[in-house]
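Student: give me a 3D structure for the following:
(2 chains)
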Amino acid sequence: MSEVILPGSGAGRRLLANTGFLLGALIVGAVLIVAILAPWISPHDPFAIDLTRRLVPPVFMEGGTPLNLLGTDQLGRDYLSRLIYGARISMVIGISTVIVSGLIGTTIGVLGGFYGGRVDDAVMFAITARLSIPVVLVALAVAGLMGTSFLLVILILGLLLWDRFAVVARSTTMQLRNLDYVSAAWCAGSSHSSVLLKEILPNIATHLAVVATLEMALAILLEAALSFLGLGVPAPLPSWGLMISEAKEYMFFTPWVILVPGIALFVLVLGVNLLGDALRDMLGTDLNR
Amino acid sequence: MLRFLLRRLAVALLVALTVLTLSFLLTRLSGDLAISIAGPNATQEDVDIIRRAYGLNRPLTQQYLDWLVRAVQGDFGDSFFFKDRVAKLIASRLPITMTLGLVGLAIALVVSLPLGIIAAVRENSWVDRSVMMVALIGQAMPSFWLGLILMVVLGLNLGWLPISGTGGWEYYVMPGIVLAFSAIPSLMRLTRSGMIEALSSDYIRTARAKGLSRLSILVKHGFRNAAIPVVSIAAVQLGFMLGGSIVIESVFAMHGVGYLAWESIGKNDFPVVQAVVLVLALLYIALTLLADMLNAVLDPRLRSA
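Tutor: Residues are numbered from 1 along each chain as shown, chains lettered A, B, ... in the order given. Purely as a prediction, here's the structure:
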């Protein structure tokens, strides 16, 4: 457990890490609560179309009404309600993708780092091959051929984004492999699986948590990009990327239509990244290198 | 050194072969291609005709070997929609994507190198913190959304740049900025951490003790060492940018290979799609190979290895 090093590089840095952590936790926590409580807090049905009230501006702009706090979209659907339900999509995609890719990447990485030799060569090769594949393009191609669905987006992203988990799991496992407490477990007669699950995995978990935040942010951005290009989450689901895509036609006349979902997306991803950065600073490791 | 390069080259070739196989499997495993091509209103007869016409009725291994042999020779077959050789289509679109990638990389370097150096020199000051904030903002910015915002602000409101399309240099500025945003955070962080490490080293202390000027120390001794990883990451980032250009090309309607792929996905034109996947992957493999070689050349410590 000597891996956990507290930040010792000055009070300023620690404070920065803490404000970053607080801000990140606040943003992610708020979005999570909004996503969970969506049916109870959204003022309108996010799918209810009202063609007589299209593109009503938000309440703080001229012509806005308190009835639709963030205005309505091109089909007269309440923007705030769609935004609230959209938080569900982003959070579910982000978390599920991280679970799928985390399972794949951690398994591969731990095996490579633990056994070394041929196994590690194969793992390194898989990582290299995976990195050479253009993610967005392949995701779009698969979605184009198989049709779009919510589950498919999670599967595609999960199967593509395991590389960083594998890299970090591999290198951290290598560092632990020859430490005394692992040798002690061997001497005590532990089996392979027991050493891997009870000695290695708990001690690399914090590093994997940092990767998880980075990958979650990436998955949320990628889902939005896929939906924006029409090959992610299918309409009429209120994915933030899809909302930007549908509003695109009107952005030259009413720019707020792309600002609202775009800012939501930006703030959520910023929050997740802030959490990850604060976590990394507390660990005192630099995964970017 | 030679052994390292040969080993690296062998790995690159093996990865290329894997990608060739994957790009073939990509289109075959995701359903019955003949049905996808024929469309929803096709009869069984249409599907059979398509299956024969494109050789989809042959065993999968035979199709695979055929594709492999042809692809190695640079022959990716014919496009269904464009009625043209796929290789020719890609060759005509690739310069646009490459230019876009290079413009993006140039903008990214111009922004991230000075900012990274300044942040390192003033480590833990407000300058450093603002630079790191810029990196965080860049990381969180959805590229397609930034593209749309720039279109409204620079294109419509200020009228400085054309809103979208393919043409002269002015058409590359906005997409280049958007593309650069994806590379700036990592390049900036790497420059910063490399400079911090270099500036705290013994040779910098020696240079200071010799009474060299501050600028000379920063550039000649600090940056030259910090630049080694930056150069290789820049090459890798260019590979990522080329792969990710599909989103930006679609936003700005730039007719590069990414746009070509996007159009072809919508039309089930699978020979084009698998060829673009392959070409972009090969470019990435070539760029990472180049990065490793540059690393070996730039860093004398690696040369003897």
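Student: quick one: residue A:273 and residue A:23, what's the gap?
Tutor: Computed as Cβ to Cβ, to the nearest Å, the residue A:273 to residue A:23 distance reads 11 Å. Yep, even glycine has a C-beta here, placed from its N, CA and C like the rest.
Student: the two: who's more crowded?
Tutor: Comparing residue A:273 with residue A:23 by other Cβ atoms under 10 Å in any protein chain shown, the one with more neighbours is residue A:273, at 24 against 15.
Student: let me know the pLDDT of residue A:23.
Tutor: pLDDT, residue A:23: 91.
Student: how about it, nearest residue that isn't a chain neighbour?
Tutor: residue A:274 (5.5 Å; Cβ to Cβ, 6 or more residues apart in numbering or on different chains).
Student: tell me which element that neighbour falls in.
Tutor: helix A:256-283 (DSSP states H and E).
Student: and if you look at residue A:88?
Tutor: With DSSP H and E as the criterion, residue A:88 is inside helix A:79-115.
Student: residue B:292 and chain A, how far apart?
Tutor: 11 Å (Cβ to the nearest Cβ, to the nearest Å).
Student: now for the nearest residue to that residue once chain neighbours are set aside: which residues touch it?
Tutor: Closest residue in space to residue B:292, ignoring its immediate chain neighbours: residue B:8 at 5.4 Å, by Cβ to Cβ, 6+ apart. Going by Cβ atoms under 8 Å, 6 or more residues apart in numbering or on different chains, residue B:8 touches B:289, B:292, B:293.
Student: my guess is the second one meets residue B:233, correct?
Tutor: No. Taking Cβ atoms under 8 Å as the contact criterion, residue B:292 and residue B:233 are not neighbours in contact, 11.6 Å apart.
Student: in the stretch 51-200 of chain A, what residue is nearest chain B?
Tutor: Residue nearest to chain B within the stretch 51-200 of chain A: residue A:134 (3.1 Å; Cβ to the nearest Cβ).
Student: just checking, that residue touches residue B:279?
Tutor: No. The pair residue A:134 / residue B:279 is not scored as a contact, 9.7 Å apart, by Cβ under 8 Å.
Student: give me the number of residues near residue A:280?
Tutor: Count around residue A:280 with other Cβ under 10 Å applied: 21.
Student: confidence score at it?
Tutor: 82.
Student: which residue packs closest to it, ignoring adjacent ones?
Tutor: Per Cβ to Cβ, 6+ apart, closest to residue A:280 is residue A:210, 4.9 Å.
Student: can you give me phi and psi for the one you found?
Tutor: Dihedral pair for residue A:210: phi -60, psi -50, per degrees, to the nearest 10.
Student: how far away is it from residue B:236?
Tutor: 21 Å.
Student: and residue 223, how many residues sit next to it?
Tutor: No chain in the question, so chain A it is. 29.
Student: hmm, I had chain B in mind actually
Tutor: Neighbour tally, residue B:223, other Cβ under 10 Å: 20.
Student: quick one: the helices in the chain, in order.
Tutor: If you meant another chain, say so; for now it's chain A. A:11-36, A:38-41, A:79-115, A:117-132, A:135-146, A:150-160, A:163-177, A:180-187, A:192-194, A:201-228, A:240-247, A:256-283 (DSSP state H).
Student: if you could check chain B rather than the one you did, that'd help
Tutor: Under DSSP H, chain B gives helices at B:2-29, B:33-38, B:44-53, B:60-72, B:86-121, B:126-140, B:143-150, B:170-199, B:202-209, B:214-216, B:224-251, B:257-266, B:270-298, B:300-303.
Student: correct me, but residue B:136 touches residue B:185?
Tutor: Yes. Counting by Cβ under 8 Å, residue B:136 does reach residue B:185; the two are 7.4 Å apart.
Student: of those two, which one has the most company?
Tutor: Of the pair residue B:136 and residue B:185, residue B:185 is the one with more neighbours under other Cβ under 10 Å, namely 22 against 17.
Student: picking up where we left off before, comparing residue A:210 and residue B:236, which shows the higher neighbour count?
Tutor: residue A:210 (22 against 18).
Student: how far away is that one from chain B?
Tutor: From residue A:210 to chain B the distance is 14 Å (Cβ to the nearest Cβ).
Student: for chain A, what are the nearby residues on the stretch 201-305 of chain B?
Tutor: B:229, B:239, B:242-244, B:246-247, B:250, B:258, B:261-262, B:265-266, B:268, B:270, B:273-274, B:276-277, B:280-281, B:284-285, B:288 (Cβ under 8 Å from any Cβ of the partner chain).
Student: now list the buried members of those.
Tutor: Neighbour-count burial (16 or more other Cβ atoms under 10 Å in any protein chain shown) is assigned, among those, to B:229, B:239, B:242-244, B:246-247, B:250, B:258, B:261-262, B:265, B:268, B:270, B:273-274, B:276-277, B:280-281, B:284-285, B:288.
Student: quick check, pLDDT for the one residue in chain B that gets nearest to chain A.
Tutor: Nearest residue of chain B to chain A (Cβ to the nearest Cβ) works out as residue B:243 at 3.1 Å. At residue B:243, the model reports a pLDDT of 85.
Student: how about residue B:52?
Tutor: 78.
Student: same question, the one 5 residues further on
Tutor: At residue B:57, the model reports a pLDDT of 75.
Student: touching, it and residue B:51? I think so.
Tutor: Yes. Residue B:57 is within contact range of residue B:51, at 4.8 Å (criterion: Cβ under 8 Å).
Student: please say which of the two ends up with more neighbours.
Tutor: residue B:51 (18 against 12).
Student: that one and residue B:63: what is the separation?
Tutor: Counting by Cβ to Cβ, the gap from residue B:51 to residue B:63 is 11 Å.
Student: try residue A:81
Tutor: Applying Cβ to Cβ to residue A:81 and residue B:63 gives a distance of 49 Å.
Student: out of these two, which sits in the busier spot?
Tutor: Using other Cβ under 10 Å as the criterion, residue A:81 and residue B:63 rank with residue A:81 on top: 23 against 17.
Student: for the more buried one, what are its contacts?
Tutor: Applying Cβ under 8 Å, 6+ apart, the residues near residue A:81 are A:42, A:43, A:44, A:45, A:46.
Student: pretty sure the first one contacts residue A:85?
Tutor: Looking back up the chat, that one is residue A:42. Yes. At 6.5 Å, residue A:42 and residue A:85 qualify as touching, with contact defined as Cβ under 8 Å.
Student: show me where the stretch 101-250 of chain A dips below the pLDDT cut-off.
Tutor: Scanning the stretch 101-250 of chain A for pLDDT under 70 picks out no residues.
Student: who in it is up against chain B?
Tutor: So the stretch 101-250 of chain A meets chain B at A:125, A:128-129, A:131-138, A:140-142, A:144-146, A:217, A:221, A:224-225, A:228-229, A:231, A:241, A:244, A:248 (Cβ under 8 Å from any Cβ).
Student: one more time with 7 Å
Tutor: The stretch 101-250 of chain A comes close to chain B at residues A:125, A:128-129, A:132-134, A:136-138, A:140-142, A:144-146, A:221, A:224-225, A:228-229, A:231, A:244, A:248, as judged by Cβ under 7 Å from any Cβ of the partner chain.
Student: would you list the buried entries among the residues you listed?
Tutor: A:128-129, A:132-134, A:136-138, A:140-142, A:144-145, A:221, A:224-225, A:228-229, A:231, A:244, A:248.
Student: now the most centrally placed residue in chain A. Nearest residue, chain neighbours left out?
Tutor: Centroid check for chain A by Cα atoms, centre = their mean gives residue A:216 as the closest residue, at 1.5 Å. Spatial nearest neighbour of residue A:216, excluding adjacent residues (Cβ to Cβ, 6+ apart): residue A:94 at 4.2 Å.
Student: show me the contacts for the one you found.
Tutor: A:216, A:219, A:220 (Cβ atoms under 7 Å, 6 or more residues apart in numbering or on different chains).
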